[in-house]
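Student: could you look at this predicted model? Sequence included:
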Amino acid sequence: MIVDCHTHITNPATDEQGIAERLGAQENVEKCFVLAAPGESADKTNTQLSEFVAKYPERMVGFGFADPVANLFKAKHLTTLKKQGLKGIVLYCSACDFHPAHTRAMRLYELAQENSLPVFFHSGGDISPDGSLQYAQPYLLDEIACKFKDLRIIIGNMGLPFLEQTLSMVARHRNVYADLTVKVDRPWQLYTTVIGAFERGVLDKLLFGSGFPCGDAAASIEALLGFNKLLGDNSLPTVPRDRLRKIIERNTLQTLGFEQ
């Protein structure tokens, strides 16, 4: 089963309806996680997301947005998420400018763990000038992973630019995974990321992602399967093709404990 663990339905530069139709028509992906974007109103954002994923219940798993520091997260909010059919929570610590282990955020993790909801930390990747770089560091999740050992944690975008911190986190904690969002226009970044995970023995903790609509699942799969030829003929280390295929075909739903 191919699961794309990193997609969005909104992008300021693209027509939202067109994005929705393209995402729903992805032929080479059986399931995808659709992450809500950060916004001033979590209720509005999550309602729009739930209405969208409800149109494709067999193909999509919605992750609702929360800002536990700006808006104190309570049990009633989690109940609302579940009623909306959303299966996980996505946090933007950098964009929303809060420490991942803030006291209010810790209450959210406690509730998420009790209700078996995974938490996706969308703090890596290209961080805008308005974001807080210090709160994007994956090592800040160490306290959370230690205290909530049954909370399934996903580090988005491999935690870049802090790759080594991410590799250390997924190696150290059984409940921490990393989203390998493949950026086909950055072959060296892809190469160093995958080689780093291979050398650390944590390829089995990577989850395939495309970053749709900024990325495309088909192109991402092609780039990963052609990994050993990314940089042309050279003597650089390679990764067995079957190990690369396992990243793509990993049943992420099963890995994260979702009912199928």
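Tutor: Perfect, thanks for sending it. Computed from a predicted structure; not experimentally measured.
Student: okay, strands next: where are they in the protein?
Tutor: 3-7, 31-35, 60-65, 88-91, 119-121, 153-155, 176-181, 206-209 (DSSP state E).
Student: can you redo those as CSV with mean pLDDT?
Tutor: What follows is the strands of the chain, written out as CSV (pLDDT from 0 to 100):
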stretch, mean pLDDT
strand 3-7, 94
strand 31-35, 94
strand 60-65, 94
strand 88-91, 96
strand 119-121, 98
strand 153-155, 98
strand 176-181, 96
strand 206-209, 96
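Student: what's the most buried one of those strands?
Tutor: strand 3-7 (a mean of 28; mean count of other CB atoms under 10 Å). (C-beta placed from N, C-alpha, C; glycine too.)
Student: just to revisit the earlier point, turn the strands of the chain into TSV, including distance to residue 51.
Tutor: Formatted as TSV, the strands of the chain follow (distance: least, CB to CB, whole Å):
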stretch	distance to residue 51
strand 3-7	16
strand 31-35	12
strand 60-65	10
strand 88-91	17
strand 119-121	20
strand 153-155	24
strand 176-181	25
strand 206-209	23
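Student: among the ones you listed, which is nearest residue 252?
Tutor: strand 3-7 (4.0 Å; CB to CB).
Student: so in the protein, where's the weakest helix or strand by average pLDDT?
Tutor: helix 16-24 (a mean of 66; mean pLDDT, DSSP states H and E).
Student: which among the strands of the chain is found nearest to residue 45?
Tutor: Taking CB to CB, strand 60-65 is the member of the strands of the chain nearest to residue 45, at 5.1 Å.
Student: output the below-cut-off pLDDT ranges for the stretch 151-260 of the chain.
Tutor: 259-260 (pLDDT under 70).
Student: now with 80?
Tutor: 230-235, 259-260 (pLDDT under 80).
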